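Trainee: sequence and predicted model, in that order:
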Amino acid sequence: MSQKTISEIEGGTGTLRPTPYSGGLTANVVKLGHTAKFTESNGSQAEMLNFSLADATGAILATITDKTQFRQIKEGKTLLIRDFIVKNGKIALSVRTKVMTRPDIVVPDELEEKAIQLILPPSPVKRIGEIITSPQKTITTIQGQVKKIEATRIVRVSGVDTTIRTIYLEQDGNSIDLTLWRELASKDLATGQFLGVSHCLVNEWQGNKSLNSTRNSTIEVIQPLATTMTGDVETLSLQEFSIEVAVKDHSGKYKDFTIDLDLMTILFPNVAEMNDNEKEQYLLSKIPIKVKLTVVGRNVSDIELIDDQESAAEMELVL
């Protein structure tokens, strides 16, 4: 029985046709992926397990559809695989494939990491403003506040009813819709929550970017994010230690925030020596006050005055 290495198998995949290998491959199971359900041509339901393999020469994706052999596919296990097919750059194991355990082999760290990333690709955190300008098919982690949640609905995927739900996330005045698939669509979520969702796929339709969760996506509730916005303070209410303000953003919407009185004193030093009534009248005389705010939830952590030219520039960036 002739043995092949992963690099030799990859070197022979220049053709688009499925290539059968009657020989063997000894490789380590590095990372298990998802199990996909699908309908076969005869109408019967089937499953396919995705995983990655590595040896001393390379790393490659693999699939297996014979459920009787799923238990053999364990992370960290070294296997001898015989009679398989290579198609689309992946190793496909079928009912004809023989899978047996072998003594452990040594896999270089860099190839083990490559095999992990074949199943679980990097998912860097990006702000919504960055995601909107990212290429299609980019994998990213998004963080933002839930502004709207649609009802769940059912779509048909590969002959299987699949649950989806779309939520709308906002950050720094930018928003984007994220469609959650399968079990993520049934998560108990609420508007106002701050979420981090990993391994989202960037899509584009008619010039508008959106996100879809993937089988690697996870959702976690996170602490409120510090975000920035520009706008006009148009109304205010003086409290004992703070000021409640309504800020109109570039879209004309009003948002309410709380500003510590000490922060306003830094902007307007004159108010430090005034009584409450004088402070309120003085600040009202400055309205509309063009500001750039750094906010966490409804609380302002930093505030800057901006002039008309800066305000116009900020609006152009947002738009």
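Mentor: That came in fine, so what should we check first? Numbers count the residues shown, from 1 in each chain.

Trainee: retrieve the pLDDT associated with residue 273.
Mentor: With respect to pLDDT, residue 273 has a value of 87.

Trainee: make that residue 266, sorry
Mentor: For residue 266, pLDDT reads 87.

Trainee: what number of residues lie near it?
Mentor: Applying other C-beta atoms under 10 Å, we find 11 other residues in the vicinity of residue 266. C-beta here means a position set from N, CA and C on the backbone, and glycine is covered the same way.

Trainee: work out for me the element it sits within.
Mentor: Assigned by DSSP states H and E, residue 266 falls within helix 261-267.

Trainee: packing partners for that helix?
Mentor: strand 242-248, strand 299-305 (3 or more C-beta pairs under 8 Å, 6 or more residues apart in numbering; DSSP states H and E).

Trainee: list the contacts of it.
Mentor: 239, 241, 242, 243, 271, 272, 283, 300, 302, 303, 305 (C-beta atoms under 8 Å, 6 or more residues apart in numbering).

Trainee: give me the buried subset of those residues.
Mentor: 242, 243, 271, 283, 300, 303 (16 or more other C-beta atoms under 10 Å).

Trainee: so what's the residue count around residue 99?
Mentor: 20.

Trainee: who does it bridge with?
Mentor: residue 81 (DSSP bridges).

Trainee: how about it, what does it touch?
Mentor: 64, 69, 72, 73, 79, 80, 81, 93.

Trainee: now the buried members of the residues you listed.
Mentor: By 16+ other C-beta under 10 Å, these give 64, 69, 72, 73, 79, 81, 93 as buried.

Trainee: now, among the contacts of residue 99, which is nearest to residue 201?
Mentor: residue 64 (24.5 Å; C-beta to C-beta).

Trainee: coming back round to it: may I ask which two of the contacts of residue 99 are separated the most?
Mentor: Every pair of those checked by C-beta to C-beta; the farthest is 64 and 80, at 14.3 Å.

Trainee: show me what contacts residue 8?
Mentor: Counted by C-beta under 8 Å, 6+ apart, residue 8 has contacts residue 57.

Trainee: in the helix or strand where it lies, what counts as buried?
Mentor: Here residue 8, judged by DSSP H and E, is contained in helix 6-11. Within helix 6-11, the residues scored as buried using 16+ other C-beta under 10 Å are 6, 9, 10.

Trainee: which residue sits closest to the second one, ignoring its sequence neighbours?
Mentor: Which is residue 9. The shortest distance from residue 9 to any non-neighbouring residue, by C-beta to C-beta, 6 or more residues apart in numbering, is to residue 86 (5.8 Å).

Trainee: count the residues that sit near that neighbour.
Mentor: The burial count for residue 86: 22, using other C-beta under 10 Å.

Trainee: average pLDDT across the one helix or strand it maps to?
Mentor: Using DSSP H and E, the element containing residue 86 is strand 78-87. The pLDDT scores in strand 78-87 average 94.

Trainee: what helices or strands is that strand leaning on?
Mentor: strand 19-39, strand 90-93, strand 98-101.

Trainee: so which of those gets nearest residue 178?
Mentor: strand 19-39 (19.0 Å).

Trainee: any chance you could map the strands in the stretch 151-300 of the chain?
Mentor: With DSSP state E, counting those that start in this stretch applied, the stretch 151-300 of the chain shows strands at 153-157, 160-171, 174-181, 194-205, 208-213, 219-221, 226-238, 242-248, 254-260, 289-296, 299-305, listed in chain order.

Trainee: in this structure, which helix or strand is least confident?
Mentor: Least confident helix or strand of the chain, by mean pLDDT, DSSP states H and E, is helix 308-318 with a mean of 42.

Trainee: burial measure for residue 140, as a count.
Mentor: Residue 140: 20 neighbours (other C-beta under 10 Å).

Trainee: list the contacts of it.
Mentor: Residue 140 touches 123, 124, 125, 126, 131, 134, 200, 202, 211, counting by C-beta under 8 Å, 6+ apart.

Trainee: please redo it, this time with the cut-off set to 7 Å
Mentor: 123, 124, 126, 131, 134, 200, 202 (C-beta atoms under 7 Å, 6 or more residues apart in numbering).

Trainee: now, these that are in strands?
Mentor: Mapping these onto strands (DSSP state E) picks out 126, 200, 202.

Trainee: tally of neighbours for the residue lying closest to the second one once chain neighbours are set aside?
Mentor: Spelled out, it's residue 200. Of all residues not flanking residue 200 in the chain, residue 211 sits nearest, at 4.3 Å (C-beta to C-beta, 6+ apart). Neighbourhood size, residue 211 [other C-beta under 10 Å]: 25.
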